[in-house]
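Participant: Only the shape, not the letters, is given here:
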């Protein structure tokens, strides 16, 4: 399950396409991660998609989720390789490839991440304490594991999903359209 994935290389390459103010890195990247997970849930809810269309949409949004996972980990000063090393040790109840279960878990943990950032902003002038950081990293570990599971559930791999995402972003970077909205940039 992604054991051959070079998470260090992926994180380094992904971050070459980052476009956001460094002083807002935690809140920006967490908001981005939450947004991408919402887009995964939107794919799940779209009954108009064929399975082939759904798999393609999941792959694209899953790749975006991995990008934000790498960016949040970096914002929290955590190597992605350290974060992703533990996902194989999750309880057995997490080790299945049911897409609705996976997207529900992603939604739950993304919500927890948003709540932790909200409380940091409200209670601590955006300061991320060590205990809050630890809870954020725990949630990120679950999110990372579920992004891996989603890759497998759609018949792909984390390597293929992340490489497709890097290719898309490299193309946008080359054309000078990393900023903006929509797939047709």
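Facilitator: Everything's here; your move. The shown structure was predicted, so the numbers you read here are calculated from the model rather than taken from an experiment.

Participant: Relative to the centre of the chain, find the outermost residue for me.
Facilitator: Going by C-alpha atoms, centre = their mean, the residue of the chain most distant from its centre is residue 123, 25.8 Å out.

Participant: which ones are touching it?
Facilitator: By C-beta atoms under 8 Å, 6 or more residues apart in numbering, no residues touch residue 123. In short, each C-beta sits where N, CA and C put it, glycine included.

Participant: phi, psi of it?
Facilitator: In terms of degrees, to the nearest 10, the main-chain angles of residue 123 are phi -100, psi -30.

Participant: Tell me how far it lies from residue 166.
Facilitator: 37 Å (C-beta to C-beta, to the nearest Å).

Participant: next one: residue 128
Facilitator: Going from residue 128 to residue 166 by C-beta to C-beta gives 27 Å.

Participant: Check residue 63 too.
Facilitator: In terms of C-beta to C-beta, residue 63 sits 8 Å off from residue 166.

Participant: Residues that sit against both of the two, list them.
Facilitator: With C-beta under 8 Å, 6+ apart as the test, residue 63 and residue 166 reach no residue in common.
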